[in-house]
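J.: pasting the sequence and the predicted model now:
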Amino acid sequence: MMATVVRKFSALPSPIPKRDSEEDGDETSHNDYSFAIEYKGPLIANLPRANPVQVDQIPTALPVSFSSLSSGVSYPVAQPLAVRAKKPPEKNKKKKNGLVDSAASPSVVLRPHHVVSGSSSSSSSLSKRLEDVAGEAKSSVDDSPSSSAEVREEEESDGGDCSDEEHVNRVRFDVQSECDESVYMSDGESIAAATPRAERKGKKGSCYRCLTGNRFTEKEVCIVCCAKYCSNCVRRAMGAMPEGRKCQTCIGSRIAEENRKSLGKCSRMLKRVLTDSELKQVMQAEMSCKVNQLPSRLITVNGKSLDEDELYMLQTCPNPPKKLKPGDYWYDKVAGYWGKMGEKPCQIISPHMNIGGNIKKDASNGDTEICINGREITKSELTMLKMVGVQCEGKPHFWVNADGTYQEEGQNRIMGNIWSKKRARLACAVFSLPVPPASSAVEPNDEPVYEHKMLNKLLLIGEEKCGATTFYKQARSLYKVPFTEDERERIKVVIQTNLYAYLAMVLEAHYEEEINNTGDETSASSISPRLKHFSDWLLKEKDEGNLKIFPASSRENAQTVAELWRVPAIQATYKRLRDTLPRNAVYFLGRILEISRAEYNPTEMDILQAEGLSSIEGHSCVEFSFPSTAQEDSLDIDYQHDPNMKYQLIRLNPRSLGENWKLLEMFEDADLVIFCVSLTDYGECIEDSEGVLVNKMIANKQLFESMVTHPILANKRFLLVLTKFDLLEERIEEVPLRTCEWFEDFNPLVSQNQTSRHNPPMAQRAFHYIGYQYKRLYDSLVEPFSTRGGGRSFRPKLFVSQVSLESDTVDNALRYAREILKWHVEETSMFQEMSTTSIEASLSS
């Protein structure tokens with residue numbers, strides 16, 4: 001009787017139904033109740049709760065006896081129970097005894113990796129029989145769709161609904177859905193960490209605990225299950241809040257993503273309930289708690305999930321993404337563009353972060369065939385670029401930097417700055433495109449900005465055989481920049497080709513002497529028929545311009561060349577021609593036996609003396625730094641140069657620039673132009689593009705005019721390097737400087753006292769005169785620069801230096817170029833300061 005009364009007023013589950021095998025007896029013998037006394041100790045958070053599992057209540061099929069089955073008979077396979085439409089829960093359903101029933105019956109979730117164990121022997125035997133049946137029937141159900149099905153939630157009654165007074169424990173197997181966030185969890189994470197959802201038992205707007213109040217009542221929300229509690233229940237429901245505003249049953253669970261924006265932001269009601277110190281502690285715990293942080297595995301950037309370090313870098317950068325939520329994003333690491341995968345950019349964040357994978361071409365799902373940093377842009381981005389004046393004809397691909405500067409792929413020339421134009425921000429506002437943060441915005445500035453550069457580019461230009469290539473080779477040797485093996489192999493071919501050309505010059509002179517002496521071309525030669533045949537073949541290939549075939553067969557021809565060179569008649573001809581041959585020819589013919597061999601390896605002096613290397617290189621560059629000298633170390637620190645400063649010398653052949661020098665735009669960032677002119681060109685002539693013979697010095701003058709007035713080099717500083725001064729000393733006495741029509745007024749005053757220090761050599765006078773002529777030409781071509789606002793102007797100057805075959809002269813010329821760059825920066829700075837001072841003075845007056 002007592003048990004019946006207790007059962008009516010108890011909130012515990014209904015008694016366990018009697019088993020069929022048990023005899024009828026006292027109904028109280030089957031009631032399993034436990035009573036607890038009131039706990040008055042400190043508050044315990046996250047109290048575990050467990051519903052009992054009744055193995056007897058699991059619906060199973062009884063196995064058949066396999067001994068009675070005959071072979072060859074097909075057996076029916078039990079299909080899983082069909083899913084029934086779930087009835088909506090009836091809220092606040094009254095029982096007969098007046099108590100409120102729960103919205104749903106308790107259920108026990110069994111996962112595939114769980115093992116159910118019981119205390120009775122029947123449960124263990126049942127499990128054993130189930131395993132045996134599963135093993136026997138596995139082959140017959142492999143192809144059946146029921147093999148992967150799940151046991152759904154079913155009612156236990158045989159044809160009707162359960163009575164209102166009886167709660168039945170149900171068993172179901174939980175299968176993860178595709179959208180379940182638990183698929184992102186690792187094996188070591190608890191499946192219970194999934195975000196739960198609270199169910200309201202009272203009316204709409206009421207407190208989830210006391211079921212009182214309305215939607216106008218001030219409440220605090222649990223950041224996990226979104227349950228709302230009034231001021232009287234918030235402390236009872238959330239306890240000490242060790243992880244922030246969470247129900248006690250939600251502690252240890254991840255927060256709901258829609259509540260992430262409210263982290264650290266409490267309601268006014270909570271400020272009244274808690275003290276200032278408690279509120280500060282709760283908010284700090286809520287922000288710093290590990291389980292409340294955004295899981296890095298849910299953030300994918302460029303197709304790669306982030307790790308904890310990458311997510312920390314992304315969230316702590318100067319310009320992090322706003323309102324970051326789990327999802328798939330793309331990130332332009334160069335320009336900082338950020339957006340959701342398949343959509344246009346939504347923000348510009350900090351660039352150059354090594355997070356995620358590499359951006360894909362279809363990251364933003366663009367269809368314009370125009371790419372920025374490898375990503376095909378959208379139509380709205382293309383319209384914005386056209387509005388700011390970016391030339392998009394021909395579907396080009398651009399590289400855009402973080403500061404807005406852009407250039408086409410494959411070129412080293414900045415074409416402009418997107419954000420320097422005011423209409424760019426207006427276009428972005430119209431098409432809902434992001435703009436750079438205010439801290440990194442680029443404001444338009446008409447005044448040039450001269451930054452401290454760590455690499456200065458020197459552009460070396462000159463006509464063929466002007467000495468520019470020798471200047472370049474001397475710089476490599478001087479600053480210890482060796483040639484690679486491939487470069488040495490190409491130089492070897494050029495040297496050996498030149499050697500056969502020099503040998504052909506001697507053979508031609510030898511045959512002319514024989515004809516002049518005998519008067520008959522068919523007379524007997526002074527060399528053997530075999531050598532005569534080789535020499536005729538060499539002269540024929542020289543006339544046809546095919547001397548490159550000889551270096552390839554140097555192993556076969558080396559012995560023949562040695563025998564031919566030892567012929568006394570050839571040696572006599574060479575001695576007579578020695579003074580008229582070019583200096584390079586004399587140098588290499590003196591080592592003809594060594595150079596003609598296949599094992600020949602060029603030395604540094606061979607490379608320096610070699611001609612024609614500019615034709616195989618087109619344009620080459622070498623990077624170097626100046627070694628410090630004792631004289632520079634003794635200077636004051638303000639006058640010393642930065643030892644970390646690098647210089648890049650670029651050898652450029654004008655013939656390799658194409659029609660109208662279109663490729664010159666690639667060298668727009670050059671800091672100084674070194675223009676080379678040979679001092680001996682005044683006595684030589686070449687054919688111009690129309691086949692007319694012109695003086696080489698006049699051709700150099702025309703090239704110099706074209707370079708100075710070219711738009712790309714219009715504002716560059718020029719250093720004129722006059723080469724081959726040692727050859728000028730030899731030739732000036734034989735060929736007067738007035739041979740060139742440009743130097744007709746050269747008439748130096750010669751002193752009778754040849755030893756006077758006021759009477760310099762003729763070559764030195766010619767050098768100064770040629771430099772003066774180029775300076776006058778330069779002044780007539782350039783316009784003075786005007787400073788902004790001050791009304792002041794300054795005219796750039798042409799600097800001149802001389803170079804010979806000695807390496808010290810090349811070092812002096814390059815150090816002079818370094819000083820010119822420093823003067824240029826200081827000069828510009830000085831005029832800018834003068835301009836600013838004059839502006840301030842005019843404003844004050």
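T.: Looks like it arrived, so ask away. Numbering: from 1, shown residues only.
J.: low-confidence stretches in the chain?
T.: Applying pLDDT under 70 to the chain flags residues 1-195, 438-453, 519-525, 614-619, 637-639, 656-660, 662, 750-758, 785-794, 825-845.
J.: what's near enough to touch the closest residue to residue 383 other than its chain neighbours?
T.: Among residues not flanking residue 383 along the chain, residue 431 sits closest, at 6.4 Å (CB to CB, 6 or more residues apart in numbering). Any C-beta I mention is one placed from the backbone N, CA and C, and that applies to glycine too. The contact partners of residue 431, taken as CB atoms under 8 Å, 6 or more residues apart in numbering, are 380-381, 383-384.
J.: of those residues, closest to residue 352?
T.: Nearest to residue 352 out of the contacts of residue 431 is residue 381 (CB to CB; 21.1 Å).
J.: and the one helix or strand the closest one maps to, what's buried?
T.: Here residue 381 sits within helix 379-387, counting by DSSP states H and E. For helix 379-387, burial by neighbour count (16 or more other CB atoms under 10 Å) applies to 380-382, 384-385, 387.
J.: same check on stretch 795-804?
T.: Buried residues in stretch 795-804, counted by 16+ other CB under 10 Å: 796, 798-804.
J.: likewise stretch 216-236?
T.: Within stretch 216-236, the residues that count as buried by 16+ other CB under 10 Å are 219-231, 233-235.
J.: what of stretch 307-324?
T.: 310-311, 313-314, 317, 319, 321.
J.: returning to what we had before: return the member of the buried residues of stretch 216-236 nearest to residue 401.
T.: The closest of these, once distances to residue 401 are taken by CB to CB, is residue 223, at 40.9 Å.
J.: ok, the closest one - contacts?
T.: The contact partners of residue 223, taken as CB under 8 Å, 6+ apart, are 244-246, 255-256, 259, 262-263, 286, 292.
J.: am I right that it is in a strand?
T.: No: Residue 223: not assigned to a strand; according to DSSP: H, G, I helix; E, B strand; the rest coil it is coil.
J.: related to what we said a few turns ago, buried only: go through the contacts of residue 223 for me.
T.: For the contacts of residue 223, buried by 16+ other CB under 10 Å: 244-246, 255-256, 259, 263, 286, 292.
J.: would you list those in CSV and tack on secondary structure and distance to residue 504?
T.: Output for those, formatted as CSV (DSSP: H, G, I helix; E, B strand; the rest coil; distance: CB to CB, whole Å):
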residue, secondary structure, distance to residue 504
244, strand, 93
245, coil, 96
246, coil, 95
255, coil, 89
256, coil, 90
259, helix, 90
263, coil, 87
286, helix, 91
292, helix, 87
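J.: quickly check the residues you listed for the two that are furthest apart.
T.: Using CB to CB, the buried ones among the contacts of residue 223 span at most 13.4 Å, a distance reached by 256 and 286.
J.: so which elements touch the helix or strand where residue 768 lies?
T.: Taking DSSP H and E as the criterion, residue 768 maps to helix 762-781. Contact partners of helix 762-781 among helices and strands, from 3 or more CB pairs under 8 Å, 6 or more residues apart in numbering; DSSP states H and E: helix 696-709, strand 717-723, helix 725-731, strand 799-802.
J.: coming back round to it: nearest to residue 207 among the contacts of residue 223?
T.: Distances from residue 207 to those, taken by CB to CB, are shortest for residue 245, at 14.7 Å.
J.: among the helices and strands packed on helix 762-781, which comes closest to residue 251?
T.: When the helices and strands packed on helix 762-781 are compared by CB to CB, strand 717-723 sits nearest residue 251, at 71.5 Å.
J.: parallel or antiparallel, list what pairs with that closest one.
T.: Using DSSP bridges, the strands paired with strand 717-723 are strand 672-678 (parallel), strand 799-802 (parallel).
J.: pipe those into CSV and attach distance to residue 493 per row.
T.: Shown next, in CSV, are these (distance: least, CB to CB, whole Å):
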stretch, distance to residue 493
strand 672-678, 25
strand 799-802, 32
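J.: how about residue 576, nearest residue that isn't a chain neighbour?
T.: residue 509 (7.8 Å).
J.: tell me the secondary structure for that neighbour?
T.: Per three-state DSSP, residue 509 ends up helix.
J.: which residues does it contact?
T.: 573, 576-577.
J.: my guess is residue 707 meets residue 676, correct?
T.: No: contact criterion CB atoms under 8 Å: residue 707 and residue 676 do not qualify, at 11.3 Å.
J.: hey, what's in contact with both of those two?
T.: residue 461.
J.: higher neighbour count, those two?
T.: residue 676 (25 against 21; other CB atoms under 10 Å).
J.: what segments of the stretch 551-700 of the chain are strands?
T.: For the stretch 551-700 of the chain, the strands defined by DSSP state E, counting those that start in this stretch occupy 619-624, 646-652, 672-678, 685-687, 693-695.
J.: need these in TSV (columns: distance to residue 741).
T.: Shown next, in TSV, are the strands of the stretch 551-700 of the chain (distance: least, CB to CB, whole Å):
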stretch	distance to residue 741
strand 619-624	32
strand 646-652	28
strand 672-678	16
strand 685-687	12
strand 693-695	7
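J.: and of these, who's closest to residue 376?
T.: When those are compared by CB to CB, strand 619-624 sits nearest residue 376, at 33.0 Å.
J.: does the closest residue to residue 227 other than its chain neighbours lie in a helix or a strand, and which?
T.: Distances taken as CB to CB, 6+ apart put residue 198 closest to residue 227, at 3.6 Å, once the chain neighbours are dropped. Taking DSSP H and E as the criterion, no element holds residue 198; it sits outside all helices and strands.
J.: with residue 389 instead?
T.: For residue 389, there is no enclosing helix or strand under DSSP H and E.
J.: show me what contacts it?
T.: Contacts of residue 389 by CB under 8 Å, 6+ apart are 416, 421.
J.: ok, now how distant is it from residue 417?
T.: Applying CB to CB, to the nearest Å, the value for residue 389 to residue 417 is 11 Å.
J.: what packs against the helix holding residue 381?
T.: Packed against helix 379-387, as judged by 3+ CB pairs under 8 Å, 6+ apart, are the following elements: helix 423-430.
J.: buried residues, the helix it packs on. List them.
T.: Judged by neighbour count (16+ other CB under 10 Å), helix 423-430 contains these buried residues: 424, 427-428.
J.: now do stretch 405-422
T.: Across stretch 405-422, burial judged by 16+ other CB under 10 Å covers 405-406, 415, 417-421.
J.: contact partners of stretch 558-577?
T.: Everything outside stretch 558-577 that qualifies as a contact, by CB under 8 Å, 6+ apart, is 503, 505-507, 509-510, 513, 526-527, 530-531, 534-535, 589, 592-593, 596-598.
J.: start to end distance for it?
T.: End-to-end distance of stretch 558-577: 23 Å, with CA to CA, to the nearest Å as the criterion.
J.: check contacts around residue 353.
T.: By CB under 8 Å, 6+ apart, the contact set of residue 353 is 313-314, 317, 331, 333.
J.: from these, pick the one nearest residue 325.
T.: Nearest to residue 325, judged by CB to CB, of the contacts of residue 353 is residue 314 at 12.8 Å.
J.: for the stretch 151-300 of the chain, which segments count as helices?
T.: Assigned by DSSP state H, counting those that start in this stretch, the stretch 151-300 of the chain shows helices spanning 234-238, 268-273, 276-288.
J.: which one of these lies closest to residue 767?
T.: Closest among those, using CB to CB: helix 276-288, at 76.5 Å.
J.: give the buried residues for the closest one.
T.: 279, 282-283, 285-286.
J.: could you do stretch 358-378 as well?
T.: 359, 363-364, 366, 368, 370-378.
J.: do the same with stretch 456-469
T.: By neighbour count with 16+ other CB under 10 Å, stretch 456-469 contains the buried residues 456-469.
J.: do me a favour and get the end-to-end distance for it?
T.: Start-to-end span of stretch 456-469 (CA to CA) is 20 Å.
J.: right, I'll leave it there.
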